[in-house]
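# just to be clear, the model below is a prediction. Sequence and coordinates:
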Amino acid sequence: MPATPSSWPPRSSDSRALLTAYTQVMGWAVTLGRDPAGGGEGTVVTVVSARFDALCVPFEAGRTALWAVERSKVTAPGLRNPVMGSVALLIAAGSAAALELPAGVGVVPGREGLVVAPTPGVRWDTTPWRPDRREPLPFPPARAVLPAVTDTLRTHTTISP
């Protein structure tokens, strides 16, 4: 069932509206499953798309990196996943291929799947759609996001680049 105008933007607690946004607004394939590590509790939502990659930063440094990226005036959808121990910043697919990444930072291709909200424990900091209308945000190139991530890792007390 499509999200109603009153439900835009989708709330993180509204599973149906989130799934609608993923499929109808973002054009992502969605897979629902159970988390065997969590005893099968809660639904795990995985999205697949060839349009993005996820720049994965260790969780504690990643929380700071989300703020640093936002301050740099770059809009990169950001997803916190404390269960996996990382923060994912969505970037344009393939844009990190030729770049040297700091230690502890990895890239997961969107075509391999990314666990997203409303999976228990996972939440968006910056959603991948515009808050005022049903339209995807553009994914920035990795080179636009990486300076803020690198600076964060350089100054973060528990992670050394």
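On my side now, so go ahead.
# for Arg123, what are its contacts?
Shown in contact with Arg123 (Cβ atoms under 8 Å, 6 or more residues apart in numbering): 12, 79-80, 117. From N, CA and C alone the C-beta is placed, and that goes for glycine too.
# of the residues you listed - the most surrounded one?
Neighbour tally across the contacts of Arg123 (other Cβ atoms under 10 Å): the maximum, 26 neighbours, falls on Leu79.
# from memory that residue sits against Gly121, does it?
No - here Leu79 does not reach Gly121: they are 11.1 Å apart, not a contact under Cβ atoms under 8 Å.
# check which helix or strand the spatially most central residue of the chain maps to.
Centrality entry for the chain: nearest residue to the mean C-alpha point is Leu79, 3.5 Å, by Cα atoms, centre = their mean. Leu79 belongs to strand 78-81 when assigned by DSSP states H and E.
# what of Leu66?
Per DSSP H and E: helix 59-71 holds Leu66.
# so how far is that helix from its chain's centroid?
What separates the centre of helix 59-71 from the centre of its chain is 12 Å, taken as Cα atoms, centre = their mean, to the nearest Å.
# can you list the buried residues in that helix?
Buried residues in helix 59-71, counted by 16 or more other Cβ atoms under 10 Å: 59, 61-66, 68-69.
# cool, stretch 133-145 as well?
134, 136-137, 139-142, 144-145.
# for the buried residues of helix 59-71, which one is nearest Pro109?
Gly62 (18.4 Å; Cβ to Cβ).
# this structure: helices as residue ranges?
15-20, 59-71, 142-155 (DSSP state H).
# in CSV, list those helices along with distance to Ala93 and mean pLDDT.
Below are these laid out as CSV (distance: least, Cβ to Cβ, whole Å; pLDDT from 0 to 100):
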stretch, distance to Ala93, mean pLDDT
helix 15-20, 22, 94
helix 59-71, 18, 91
helix 142-155, 10, 92
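# compare the ones you listed and give me the one nearest Ala103.
helix 142-155 (7.8 Å).
# can you tell me what sits against the closest one?
With contact meaning Cβ under 8 Å, 6+ apart, helix 142-155 is reached by 53, 55, 57, 61, 64-65, 68-69, 71-72, 74, 76, 89, 91-92, 95-96, 99, 101-105, 107, 159-161.
# many thanks, have a good one.
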